[in-house]
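Visitor: Quick one: sequence and predicted model below, then my questions.
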2 protein chains.
Amino acid sequence: MTVTIRDVARASGVHVSTVSRTFSAPHMVNAATRTRVLTVAEELGYRPNRAARALTTGRTHNLGLIVADIANPFFPPLIKAAHAAARQRDYHLFVADTDEEPAAEEELIQAFSKQVDGVVLCSPRSSNKALERLAQRVPFVVINRRLRGAATVLMDVGHGARLAVEHLAGLGHRRVALVSGPAGSWTSAEIRAAAEQVPGIDLAVIGPNAPTERGGFAAAGRVRESGVTGVLAYNDLVAIGLIEGLGDLGLSVPRDVSVVGIDDIVPGRLNRPKLTTVAMPTAAAGRLAVDLLIQEVTATTSLETRLVIRDSTAAPRQRGSCNRLY
Amino acid sequence: MTVTIRDVARASGVHVSTVSRTFSAPHMVNAATRTRVLTVAEELGYRPNRAARALTTGRTHNLGLIVADIANPFFPPLIKAAHAAARQRDYHLFVADTDEEPAAEEELIQAFSKQVDGVVLCSPRSSNKALERLAQRVPFVVINRRLRGAATVLMDVGHGARLAVEHLAGLGHRRVALVSGPAGSWTSAEIRAAAEQVPGIDLAVIGPNAPTERGGFAAAGRVRESGVTGVLAYNDLVAIGLIEGLGDLGLSVPRDVSVVGIDDIVPGRLNRPKLTTVAMPTAAAGRLAVDLLIQEVTATTSLETRLVIRDSTAAPRQRGSCNRLY
DNA sequence: AGGCTGCCTGCAATCGGTTGCGTTAGGGTG
DNA sequence: CACCCTAACGCAACCGATTGCAGGCAGCCT
């Protein structure tokens, strides 16, 4: 059936331990023996069983990646990058989806624990207490959240938000709305704190909103009433929904209102108008998280974000024509 | 460190085999003993080591999922559904990305083989020969490709393409272009064959094209020259790119040209105009593939596709005003 | 009382590899 | 020539769990 180390040993006339060593400690075996074992193994189609190896070494060469929602366009680039980084070091990647449920998150970490060398947790929703408890069962690195004692990869969304508002200010906008995300979100707080620091801007906060296209769509009315000329949305989906909602109210983007998103997801790039947005380095975050995990270093990293200026922002209309809208 | 079956055995005063049986064959152990073992296990925080279990049982309770490109919006819903189905039956899912390279595909299957009970191959690019050889190492089910001897899940894109062209015909279009995909693609051939069967339609084939937004954008000129009033695009990305390209040429969708996509990916839903498209049941395919794998049934299934009519299709303009464009 | 049956449980081999330790052979040294 | 050293390999225990087999015990029948 499946060819084991013993088959190779028999066929090449050496002990199993020698075969084992030719794979895991080649320098300990005579060159001639090694090549013989190697060719026999090749002929038989032998491949070491990683699960069996893990039993004694304690290292599985597997990693887990847990995200809130695989189908959310924010995550796939991160998953892809994490996979590539893992693959490069000959690790395999379990991917799991919590459907935004903290309970599923904890359950998954538990279930993974024996089968992986570590897990990458993306924007975890569980409580600090639960996470600290779980950290004792399996090493992990957290993306997009601060957590004592765990390696952390942050994306500096605050800085990006600031750039976005400054960009609006630079275009001449004075009254800007922040269409915020869910209450209690770490990201939401970061964005708000940064946006409020930009001088010369009169900031209206509209929210909380669902972090989805529908959330943005639903906020259009309040944005209009607020009389702002520029908007920073919680994320690109919200921005896209908002643009559509504004369109239904007769407001055109960027002519009547400028809109900046956050994340730089694919649908935003394909949107019309193409979305000006704060690019989150999700690929870099995924890659880095995997590297930290494999190298077992506990560090806190903050990744740069940058502003990508496309077509959804422009200078505000003249005061006269602007007023006409209200 | 990590609590094993032996720890539980010692703490509850029974032999390891009894502990093992309370978990894997509960009916074989006395109720009183069972509850005692269970409570002790709970207290100690014992969780069976699946890798160790796999060694004797031969079943890992892991599945592999290999796709061409995780970041391609077509795949995430499929991955999510596959994960959910696996999770429901207490399986874990390895996810891998081949970056469209057949060699990576074969390598990944090999690497997975010892560690999974089966793998789901999505639109595999490898040769039939290679796949048939690999099928002997590990069971797999193939999505979106016919393969002798392997379980297969097909999405009936031909039927969908036919519905799309019939939809255009029903709106009054007579001259329709098929903006095709890469040469040699199974899907591309299916679409073309089906589209050609619709009576009363004069079909122009434009292509091959890259299956991307850029491919669609680049095809806009030829679409215009062909003088068609309706287009069926190879997929939604091509459709989105095409719409943008047509816009740059002064042609508006759906006023001047109707465009139908295929796949029903998120960016198409968010696009403006919202894309009329052939919905591929990717979630159902992912779910089904996993179920087939777990139940070890070899079957060929063809999933229904359906047409989702949105805003990118309309009746063609009157002949006079239409001619004005050329 | 003796024998039979069936339920629980223990024993030990096994899955595929890894690894500390012991053995052997060969070479170098005094 | 005796001695030591080292390189190369074999031996066997072990990782954490499963499972066929056998033994103990209670209950039932004759």
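Guide: The structure has been received and is ready for your questions.

Visitor: Which phi and psi values does the residue of the stretch 201-326 of chain A found nearest chain B adopt?
Guide: Nearest residue of the stretch 201-326 of chain A to chain B (CB to the nearest CB) works out as A:P267 at 4.1 Å. Just so you know, the C-beta spots here come from the backbone N, C-alpha and C atoms, and that holds for glycine as well. The phi/psi pair for A:P267 (degrees, to the nearest 10) reads phi -60, psi -30.

Visitor: OK, contacts around the residue nearest to it when sequence neighbours are not counted?
Guide: Spatially, and ignoring its direct neighbours in sequence, A:P267 is nearest to B:P267 (4.1 Å; CB to CB, 6 or more residues apart in numbering or on different chains). Residues in contact with B:P267 (CB atoms under 8 Å, 6 or more residues apart in numbering or on different chains) are A:73, A:266-267, A:270-271, B:73, B:236-237, B:240.

Visitor: mind putting those residues in TSV, secondary structure included?
Guide: Formatted as TSV, the contacts of B:P267 follow (DSSP: H, G, I helix; E, B strand; the rest coil):
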residue	secondary structure
A:P73	coil
A:V266	helix
A:P267	helix
A:L270	helix
A:N271	coil
B:P73	coil
B:D236	helix
B:L237	helix
B:I240	helix
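
Visitor: Which of the three states applies to A:D256?
Guide: Applying three-state DSSP: A:D256 is coil.

Visitor: Not counting sequence-adjacent ones, nearest residue to the residue in the stretch 151-300 of chain A that DNA strand C sits nearest to?
Guide: Going by CB to the nearest atom of the strand, DNA strand C is nearest to A:E296 of the stretch 151-300 of chain A, at 16.3 Å. The shortest distance from A:E296 to any non-neighbouring residue, by CB to CB, 6+ apart, is to A:P139 (6.9 Å).

Visitor: tell me, how many neighbours does that neighbour end up with?
Guide: 17 (other CB atoms under 10 Å in any protein chain shown).

Visitor: List the contacts of it.
Guide: A:P139 makes contact with A:117-119, A:151, A:293, A:296, according to CB under 8 Å, 6+ apart.

Visitor: repeat that for 7 Å
Guide: Taking CB atoms under 7 Å, 6 or more residues apart in numbering or on different chains, we find A:P139 in contact with A:118, A:293, A:296.

Visitor: Grab the nearest non-local neighbour of A:A314.
Guide: A:P254 (3.9 Å).

Visitor: same deal with A:A183?
Guide: Closest to A:A183 by CB to CB, 6+ apart is A:P208, at 4.3 Å.

Visitor: Under a three-state scheme, what state does that neighbour occupy?
Guide: Going by three-state DSSP: A:P208 is coil.

Visitor: Please name the residues that touch it.
Guide: A:180-183.

Visitor: Quick check: phi and psi at the nearest residue to A:L237 once chain neighbours are set aside.
Guide: Setting aside the residues directly before and after it, A:L237 is nearest to A:E213 in space (CB to CB, 6+ apart), at 4.8 Å. The phi/psi pair for A:E213 (degrees, to the nearest 10) reads phi -60, psi -40.

Visitor: Just give me the neighbour total for A:E213.
Guide: A:E213: 23 neighbours (other CB under 10 Å).

Visitor: ok, it - contacts?
Guide: Contacts of A:E213 (CB under 7 Å, 6+ apart): A:237, A:240-241, B:270.

Visitor: One more: A:S312?
Guide: Taking CB under 7 Å, 6+ apart, we find A:S312 in contact with A:243, A:253-254, A:258-259, A:273-276.

Visitor: From A:G230, how far off is it?
Guide: 10 Å (CB to CB, to the nearest Å).

Visitor: Same check on A:I294?
Guide: Applying CB to CB to A:I294 and A:G230 gives a distance of 43 Å.

Visitor: Would you mind telling me which of these two has the busier surroundings?
Guide: Set side by side, A:I294 and A:G230 show more neighbours around A:G230, with 26 against 18, by other CB under 10 Å.

Visitor: Can you tell me who the more buried one pairs with across the strands?
Guide: A:V176, A:S258 (DSSP bridges).

Visitor: correct me, but it touches A:S258?
Guide: Yes: using CB atoms under 7 Å, A:G230 is in contact with A:S258, at 4.5 Å.

Visitor: Overlap of the contact sets of the two?
Guide: Residues touching both A:G230 and A:S258 by CB under 7 Å, 6+ apart: A:168, A:173.

Visitor: what residues does the stretch 101-250 of chain A put near chain B?
Guide: A:110-111, A:114-115, A:213, A:240 (CB under 7 Å from any CB of the partner chain).

Visitor: go again using 6 Å as the cut-off
Guide: A:114-115, A:240 (CB under 6 Å from any CB of the partner chain).

Visitor: could you redo the residues you listed as CSV and give each row neighbour count, distance to B:G172 and pLDDT?
Guide: Shown next, in CSV, are these (neighbours: other CB atoms under 10 Å in any protein chain shown; distance: CB to CB, whole Å; pLDDT from 0 to 100):
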residue, neighbour count, distance to B:G172, pLDDT
A:K114, 18, 63, 92
A:Q115, 24, 59, 94
A:I240, 28, 32, 97
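
Visitor: what's the closest of the residues you listed to DNA strand D?
Guide: Using CB to the nearest atom of the strand, A:K114 comes nearest to DNA strand D of those, at 7.1 Å.

Visitor: Quick one: neighbours of the residue of the stretch 151-300 of chain A closest to DNA strand C, just the number.
Guide: A:E296 is flanked by 10 other residues according to other CB under 10 Å.

Visitor: Would you map the helices across the stretch 101-250 of chain A?
Guide: A:102-113, A:128-134, A:157-171, A:186-196, A:213-226, A:236-248 (DSSP state H, counting those that start in this stretch).

Visitor: For DNA strand D, what is the nearest residue in the stretch 201-326 of chain A?
Guide: A:E296 (19.2 Å).

Visitor: likewise the stretch 51-200 of chain A?
Guide: Counting by CB to the nearest atom of the strand, the stretch 51-200 of chain A gets nearest DNA strand D through A:L55, at 3.3 Å.

Visitor: Okay, and that residue sits in which element?
Guide: helix A:50-57 (DSSP states H and E).

Visitor: show me the contacts for A:D311.
Guide: Neighbour list for A:D311: A:273-274 [criterion: CB atoms under 6 Å, 6 or more residues apart in numbering or on different chains].

Visitor: How is it assigned, secondary-structure-wise?
Guide: coil.

Visitor: ok, now how distant is it from A:S185?
Guide: 28 Å.

Visitor: and A:C322, what pLDDT?
Guide: We have a pLDDT of 42 for A:C322.

Visitor: wait, I meant A:G207
Guide: 83.

Visitor: give me the number of residues near it?
Guide: Residues lying near A:G207 (other CB under 10 Å) number 20.
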